[in-house]
Structures are given as C-alpha cells and as structure tokens.
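Student: no sequence on this one, just coordinates:
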DNA sequence: AGCTAATCGAGACGGTACGTCGTGTCTTTTC
DNA sequence: GAAAAGACACGACGTACCGTCTCGATTAGCT
C-alpha cells in the first residue's frame, strides 16, 4: 500500500511497486538493516530514487510494505479437527517462514521496533508489528479458541501465554539451528516441530490426572544445552 | 570490558572507559539506536574517535558493554526446591532483562549473529554471545538437571524444545507488551510470568495418564503456503 | 514570443503564456538567477512543467521573454546630427539596458553561445542572439555609416574595433559599478557615458596631424606570460 | 587560499588543494558552469567530497580560488617606454588570456557575480571580481598613469573609461571571433590587437590638432558589422 | 637521562547514504 | 490530436557518519 496515488497525469507504473518491494527484500536479506538503503534498493531495481520516495517516505515504510506483501499469502487457518493437528500445521508453517530470509527480516524489524523510542516512527511501525508478528500469534490464539469449543482447553486458560510460548519457541528454535539442522528442518518442518508441539499440547490439556510416570518424549540428544541451542 | 589493553607504552586513562560508556548511554537514551553513532559519543564525551576505536571495534560492542556496566546481574541461580519455583525465578529475571534496554540490544546482536554469514565477524561476535547469554544458558541447564534429579523430568526429555519454548515465550512476551502492560510487568515480573510458567510446567510433567488425543492426522497438504515460491 | 504554436488539436490557453511569464518574473526577482528553476516557475504558476517546456526550451529563453515583455524598447535610432551626439544616445541606452536584469541575462546567454561548442544548441540560441542583439547592431551600423557620410569617419576605418571598444566599454563599465555608482548611472546614463564617448570620438576622428609617436618597438618578449603553458 | 586550516590533528595533504583546483578547472572548461559540480570535481580528482567541502564551502569559492591560482602568473607590468607599446603588450596578453578556457571562465564568473543578488554570496564573490577582473583593468590604468608621467596623456583624463574601453574591446573582440579568426589571433595576438590599440591611442593623445584628413587605419573588411563582430 | 611504545585529542581522508530538488523525457487523460 | 499533468530515470545538493589514517603531545616503563 504505497502512499495515495493521484488521478490526473501519467499513471504510476502498475508493476513498479511490486518490483521495488521485491528489490527491497533482496537488498535487506543480502545486507541486513544496517546497510539497507533507499539508494541501494533503487540501484538494484534499476530505477531512480524518486520512484521510491514517491511511494514511501522512509525506508522503514518501504520495508514494512515489502514484508507485508510476502507475508499475506501465508494462510494460517488450518482445520484438521484436533488441537494437535492444528498446532502442528501452524508451527511448521511458521518454522518454514522463519527459516527463510523474509522471516529473518520480519523478526529483525520487529526488534528494531521494540528497540526504537516510542515517540519515533512509532505510528508507522507499530501497525506493522501488530499486523505481521501479531498475525502469527493471533493464528495460534484462534486455534486455541477452537480448542476451547471442542473441550480440549479450559475456557479460562491464558491463551496469550500459550501462544507466546509456541510462537517464541518456533522462532528461537529456527534461530538456533546449525546449518545441517537447518537443512533437515527445511526438508520436513512437520517432523521438526512434532516434539515441541507435543510438549505444548501436553501443557494445554485441561486437567491432568495426577500419577507421575516416565515421559514418552523421545528427546533430542540429552547432552545439555549448547549455546546455539539455547538461543 | 574493552578489548585487551597492552603492557608497554602509556597506560590507558583508567577513568576514560567509564566516561565513554556513560556518554554512550546518554547518547543512546537520548536519540535511540537509529541515531546512535560513534562520532556522537566521542563528541559528547569530548574525546577523539581514537579513544573509542581503541576500545570497541563497533558501536554494537560499545553499547553492549555500556549497558552491561549499569545492569545488576540477573538472579539466575534459584533454588526454591521445585521446578515451578525455579522456572518462575528464572523466567521473571529474564523478563526483567528483556524489558530493559540491555535485553533489547542483546537480542538485536544475537539476531545479527544468527542472520550473519558465518564467515563475517563470527570471531568477534561469538565471544560476545558467549559472554552475555552464557549465564542464561547455565541457569536453565542447571534447573532442568535439578528437575531430572527430583524426578520431575524424564532424563530423555526434549530439553531443547522446552528451553526454547520458555526462553522464546519470555522474549516474545516482552516484545509484544503495550506500554501500560510493560509498566505493569516491570513492577511485578513474577506475577506476569506465573501463568506462562504454570503452563510450561504442566507440559513438562513426565507422564500424562490418558492417551495423547486423536493427533494421528498426516496433516493434509499445506494449502495456502506459497511462501517458499514467493521468495 | 513562445515557440511556434500549432494549428490542430487542443488550442493553447491564451492567458497561460502571460501567467507563466509573470510567474517567471516573480520567481526571478524573489530568488535570483541561481535558484531560478523551471520547476519553481511551474509550481508558482500552479501548472505542470510541460506547459513551460512546450513554450520555452530552456530557462534562459523563458526568462529573456519574460523580461522583454515588461521592458520598453531602447532608444536605438538617434539622429542628433553629430557623431558625438549619436554615440552618446546609443551608449547611454546600452548602459541603461545592461544595468537592468534584461541586459544581464542577455549577456549571460550571449556568453553561453560564444563559449559553447558550435554544434551544441547553435540553432536554438542563434535565433535568440539575433533577436535580442539585433537592434544594437543595426543602430551602431547606422551611426557609423552616417559618420562616414558626414566625413567624420574614413570609409576604410576599422569599424569593427571601434564598435567593440564602445560596446565592450559600456558593458564592462556596467559590470564594474559599485551599488552606489550603479544608482547614479541609472539616474543619469548620459552623464555617465559622456566621458567615454568623448574619448571614443577623439579616437575616431579621421586624421591626426602629428606622427603616431615612437611606437615602433617590436614589443620585447612576453616575459611573465606563462599562462598558456599553465593550462 | 582554502579556508583557515587548523593547528591540531592530522595536517592537510599539502598537494591536495592544488590537485583539486586543477581538477576544478578541467571540469569547468570541459562542461561549463551549468554542469560544474562538486561531485564531478571530486570524482575527477579521485577524492571524497569531504576533501572539497573541507576547503571550500561552495562551488563558487572553489572556482574562484582555482581561477586565481592560474591567473596570478599573468604578469601585466610591461615597460616598453611608450604608451602604444605598453598597451599593445597588455592588450595582446589579455587577448591571449580571454581566448583560452580560463579566460572564458573568468568572464562567466564575473557575469554571474554581476547578476547575483547582492545579499547572496556577495561577500564571497565580490572579492573575486575585484581581484581578477579588477586586476586586468588596473593593469591598464597603471599604464595610463605612466603615460601621464611621460606627458602622453592629460592628467585629468578619465582613465577609468579608457581602461574599460580597451579591456571591454579586447574581451568583446575575443568573444566575437569566428573559429578561423580565433586561430589566427592565437597565433599572433599582437598583430590582432594592433589596430584596436592604435585606435585607442589616438583617442588618448592629449590634444589633437584639428585638421581632418584620411585615416591610416587599414580597416578590416568594410562590409558592415555582422552580428558576430558586434558581440 | 634517553629510548621506546602506547594513549589520546584532533582532524584529514575516501567513501557512502541521507532526503530534497531540478532536469528533460515519456505516458497518460482531458479538452 | 495537441495540451496539460504527473511519473520517471538521473544525478547534484550539502550534511553526516563510517572506519582508517596521520599528526603532535603526552606518559609511562625499560634500559
């Protein structure tokens, strides 16, 4: 959604906005935020800077729009009929997303927003945080609501905490993978998420009967938490 | 802890590092990350740029050190006797940490490391990651080990997923708070974390009595996930 | 006199040329030549740039037309009966002209033409030069011709040098005046030119009685003229 | 004379100012004032823009200094013993100067000064006008003063007008030459100036005896004043 | 005491990006 | 079918900061 176009005069090139957002994402993923520049995006897209500034006043706004444009297609409304199935769907989707460059960018921008003083570009970027990251957490929340309807979850449960745990778990997991693990996760995200979803679902079940016993979690390797695994 | 000083030659001004970190914090709190510049810090401190570059190679490292220097150490060694109590201690400490500017920067740098190509700055930043996140890692490892000893957690459990969920949950929670919620969370971080920790502990308990539910679906096909092709 | 309008198609807004020239003059007087821009004129007039470029190819041409439109024609056809009187008339007219903004721009453009490579803009600008400077040329030619008829000037005289001296003298004089002298010159241009014209007329008089003086030296060698080698 | 250098800190590269001025002149003569840009000068010299802006705040000041640096060597203090000889020396020197690119530039800048609003860069550029163009006119004035001492000129003569006429005549002449005439003038500037100097000297002589007679001027061609000849 | 070696202020330097502005061309709609 | 309006590629503006560098002036410990 670039800024309001006008009626009279030469109309804007309809393809250009898309090309610019694509170029912006390429630029960002290649160089990171620190070297993300309007100049660079224009260069990469083979256009003048005016074409950019006509549509987006700052590079933040450009990046936000660009991210949104590729995030939107991520439909997060599974309906497998079970809490476990729904969460597995969403979790593996999210993992796939945050393993890709757009996911990286999304998290980094979200962080930049969190770091930024509120009075600065707050208005511009807050909407983004709500839209993109919030969307993901909202998807999980929705699944939890369905679970309440099916009786799989107490109505009074803290759905926000649950959603944060799963969402955060996925994100942190995606960041902590070694290159070889990364490859494996890309190849089969559902298998990658199976264990974590099972863990979360177990926490979600409304009323656990007491009786402790041996867990059936098949673990990962139990060699303690390496630094990379933690973060 | 600025970079290794040398033996011979004129010794460093012992006060200067402190003055520079103070100036860095003033600069950061006044203008935010976006306008945080080495030049600005030097200007504010009334020194040349060399005094900065002799101690810190990048502004990230400077800021991290500066923030660290004013942060009291987290409570990372709880011993409440129960898994729930220990995790609540750690979770609230982490929340407190990631609500403050030190936590923001820490996450930012961690993300930069995760995203960065391994060959770039790896040596520089890995040391940092170890330093800052090290205590978190040690604390969580210790808690989980204690839980295994107490029989609250199966030795073969996927500790990695559990840690990711708790850690990620706390971080995401801290990022998603509105200003007013933020204030509340700062005031009483334990209350803020109570619900999430309870949820996690429930998931951790070793053996659920009943079956895991009808979660045998093979997950349909990922309709709506055109993400990969869009990148 | 904007460039040739066409017959068919949408007719030009008859008022627009005038409005544009007015806007150009406002812009020029407000900001000076350095910040005189087509864009600024278009903005001030509230029209698109095409309306300007359809009529004037360059901002010089626009400004010249605009200035011309508000300038009364010079007195360039004197007939006082004497060479001195005629030249005084023309010289003071020229002085007046080159003291005003129209004269400035005229000289600027003339210099651009003289400096420019012949193949560049030659066609465009030659027409302009003819139009603006044409009357000066006609007037001076006529005066010199009359002087020949009256016997005040030898038919074989180097009229070119004479004209250059007078014309150049006036222009240089107009450029070298201090603000206060400028004011005085505008108030009474004839008095300002009296001395110079007298000097020129003395040189023009056909035949000096005595010898030309001891000017037979072959001029030494040009010590101190290292200019050419320095370029 | 770039702006005041400082005491402390790394000293300025002593050669750089010269290289920059050379690059500036190259740039100007190649492209004219309209396309004369700091950026272009920096590019040509292979330096950053900071090196330019450190020394000259505006491109006008840069150009002025650059011109001065090549104008200074033009020693204009002939001493042939006669008015005619002195003037011929100076006139041919000036002609040579104004036929070259530096001369073009000098005149154009002088015009820009005359055109500019007084309150703008007036302080900056006025000095230049006085220094460079004034220097040339002053040289002529000095010769005239010597002529007064030798009795070749009335003490009460309007030396300013005379200087303007000769100076202006030379400049206008240099601008009005066709390419072929230009070549001829460069080859032998004294011959080119002979006629004009003779004309001026005749005007200068203190008291003409009456008696008209046939001029000895060997004219140019007498076919009227073509436009180019006038300007 | 003289030497060596580092610190430190200061600032030059080659780069690069900022966001604004102006250029001249091009592509539409409007009359 | 030209006029008019705005999009567009291009590039300069002057400022700011980057990280490296070269200075001079300190300020120690080591011969």
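Tutor: Sure, I can see it. What you see is a predicted model, and the numbers here were worked out from it, not measured in a lab.
Student: quick one: the helices in chain A?
Tutor: Along chain A, counting by DSSP state H, helices occupy A:16-31, A:38-45, A:49-55, A:59-71, A:83-99, A:101-115, A:122-150, A:159-176, A:179-187, A:189-204, A:227-230.
Student: ok, how many other residues are close to residue A:111?
Tutor: Look at residue A:111: counted by other Cβ atoms under 10 Å in any protein chain shown, it has 22 neighbours. For glycine as for every other residue, the C-beta is placed from the backbone atoms N, C-alpha and C.
Student: Please read the previous query as pertaining to residue A:38.
Tutor: Other residues within reach of residue A:38, judged by other Cβ under 10 Å, total 16.
Student: and if you look at the one 4 residues further on?
Tutor: Using other Cβ under 10 Å, the number of residues around residue A:42 comes to 20.
Student: related to what we said a few turns ago, same list, the helices of chain A, but as JSON lines with distance to residue B:163 and mean pLDDT please.
Tutor: Below are the helices of chain A laid out as JSON lines (distance: least, Cβ to Cβ, whole Å; pLDDT from 0 to 100):
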{"stretch": "helix A:16-31", "distance to residue B:163": "28", "mean pLDDT": "88"}
{"stretch": "helix A:38-45", "distance to residue B:163": "38", "mean pLDDT": "93"}
{"stretch": "helix A:49-55", "distance to residue B:163": "43", "mean pLDDT": "93"}
{"stretch": "helix A:59-71", "distance to residue B:163": "28", "mean pLDDT": "82"}
{"stretch": "helix A:83-99", "distance to residue B:163": "16", "mean pLDDT": "89"}
{"stretch": "helix A:101-115", "distance to residue B:163": "19", "mean pLDDT": "70"}
{"stretch": "helix A:122-150", "distance to residue B:163": "19", "mean pLDDT": "71"}
{"stretch": "helix A:159-176", "distance to residue B:163": "8", "mean pLDDT": "85"}
{"stretch": "helix A:179-187", "distance to residue B:163": "15", "mean pLDDT": "88"}
{"stretch": "helix A:189-204", "distance to residue B:163": "11", "mean pLDDT": "88"}
{"stretch": "helix A:227-230", "distance to residue B:163": "6", "mean pLDDT": "31"}
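Student: Just tell me which of those helices ends up closest to chain D.
Tutor: Smallest distance to chain D across these (Cβ to the nearest Cβ): 14.1 Å, for helix A:38-45.
Student: Just the buried positions in that closest one, please.
Tutor: Residues of helix A:38-45 classed as buried: A:38, A:40-42, A:44-45 (neighbour count, 16 or more other Cβ atoms under 10 Å in any protein chain shown).
Student: same deal with stretch A:168-181?
Tutor: In terms of neighbour count (16+ other Cβ under 10 Å), stretch A:168-181 has its buried residues at A:168-177.
Student: Repeat that for stretch A:91-98.
Tutor: Buried residues in stretch A:91-98 (16+ other Cβ under 10 Å): A:91-98.
Student: do stretch A:140-148 as well
Tutor: Applying 16+ other Cβ under 10 Å to stretch A:140-148 flags A:140-144, A:146-148 as buried.
Student: from the residues you listed, which is closest to residue B:162?
Tutor: residue A:140 (17.9 Å; Cβ to Cβ).
Student: got a list of what the closest one touches?
Tutor: Counting by Cβ atoms under 8 Å, 6 or more residues apart in numbering or on different chains, residue A:140 touches A:87, A:90, A:162-163, A:166-167.
Student: if we can go back for a sec, between which two of the buried residues of stretch A:140-148 is the distance greatest?
Tutor: By the measure Cβ to Cβ, A:140 and A:148 form the most distant pair in the buried residues of stretch A:140-148, at 13.1 Å.
Student: Quick check: residues of chain A near DNA strand F?
Tutor: Counting by Cβ under 7 Å from any atom of the strand, the residues of chain A lying close to DNA strand F are A:5-6, A:8-13, A:16, A:46-51, A:54-55.
Student: Drop anything exposed from those residues.
Tutor: A:16, A:47, A:51, A:55.
Student: what two of these are the furthest from one another?
Tutor: So, these by Cβ to Cβ: farthest apart are A:47 and A:55, at 10.6 Å.
Student: so which two of the buried residues of stretch A:168-181 are the farthest from each other?
Tutor: A:168 and A:177 (15.3 Å).
Student: For residue A:188, grab the count of nearby residues.
Tutor: Neighbours around residue A:188, by other Cβ under 10 Å: 11.
Student: Please report phi then psi for it.
Tutor: Residue A:188 adopts backbone torsions of phi -140, psi 80, taken as degrees, to the nearest 10.
Student: Next: residue A:158.
Tutor: Torsion angles, degrees, to the nearest 10, at residue A:158: phi -80, psi 80.
Student: In chain A, which residue sits nearest chain C?
Tutor: Closest point on chain A to chain C, by Cβ to the nearest Cβ, is residue A:9, at 7.3 Å.
Student: ok, that residue - contacts?
Tutor: Counting by Cβ under 8 Å, 6+ apart, residue A:9 has contacts residue C:48.
Student: thinking again about what came up before, quickly name whichever of the buried residues of stretch A:168-181 is closest to chain B.
Tutor: Checking the buried residues of stretch A:168-181 one by one against chain B (Cβ to the nearest Cβ), the nearest turns out to be residue A:168, at 2.6 Å.
Student: what's the spacing between that closest one and DNA strand E?
Tutor: Separation of residue A:168 from DNA strand E (Cβ to the nearest atom of the strand, to the nearest Å): 31 Å.
Student: And for that residue, nearest residue in space, chain neighbours not counted?
Tutor: residue B:168 (2.6 Å; Cβ to Cβ, 6 or more residues apart in numbering or on different chains).
Student: give me every residue that touches the one you found.
Tutor: Residue B:168 makes contacts with A:164-165, A:167-173, as judged by Cβ under 8 Å, 6+ apart.
Student: could these go into TSV alongside distance to residue C:155?
Tutor: Formatted as TSV, the contacts of residue B:168 follow (distance: Cβ to Cβ, whole Å):
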residue	distance to residue C:155
A:164	105
A:165	109
A:167	102
A:168	103
A:169	106
A:170	102
A:171	99
A:172	102
A:173	104
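Student: of these, closest to residue B:189?
Tutor: residue A:164 (14.6 Å).
Student: coming back round to it: which per-residue confidence value corresponds to the residue of chain A closest to chain C?
Tutor: At residue A:9, the predicted lDDT confidence score is 76.
Student: Next: residue A:78.
Tutor: 81.
Student: Over to residue A:151?
Tutor: Reported pLDDT for residue A:151: 83.
Student: and it, how many neighbours?
Tutor: There are 9 residues near residue A:151, going by other Cβ under 10 Å.
Student: For it, grab phi and psi.
Tutor: phi 80, psi 10.
Student: For residue A:87, see how far away it is.
Tutor: 16 Å (Cβ to Cβ, to the nearest Å).
Student: Up against DNA strand E, what does chain A have?
Tutor: A:7-11, A:35-40, A:48-50, A:53, A:57-59.
Student: between the contacts of residue A:140, which has the most around it?
Tutor: Top of the contacts of residue A:140 by neighbour count (other Cβ under 10 Å): residue A:166, with 31 neighbours.
Student: roughly how far apart are it and DNA strand F?
Tutor: The value you get for residue A:166 to DNA strand F, if Cβ to the nearest atom of the strand is used, is 37 Å.
Student: likewise residue A:31?
Tutor: Using Cβ to the nearest atom of the strand, we find residue A:31 at a distance of 14 Å from DNA strand F.
Student: With adjacent residues omitted, what lies nearest to that residue?
Tutor: residue A:40 (7.2 Å).
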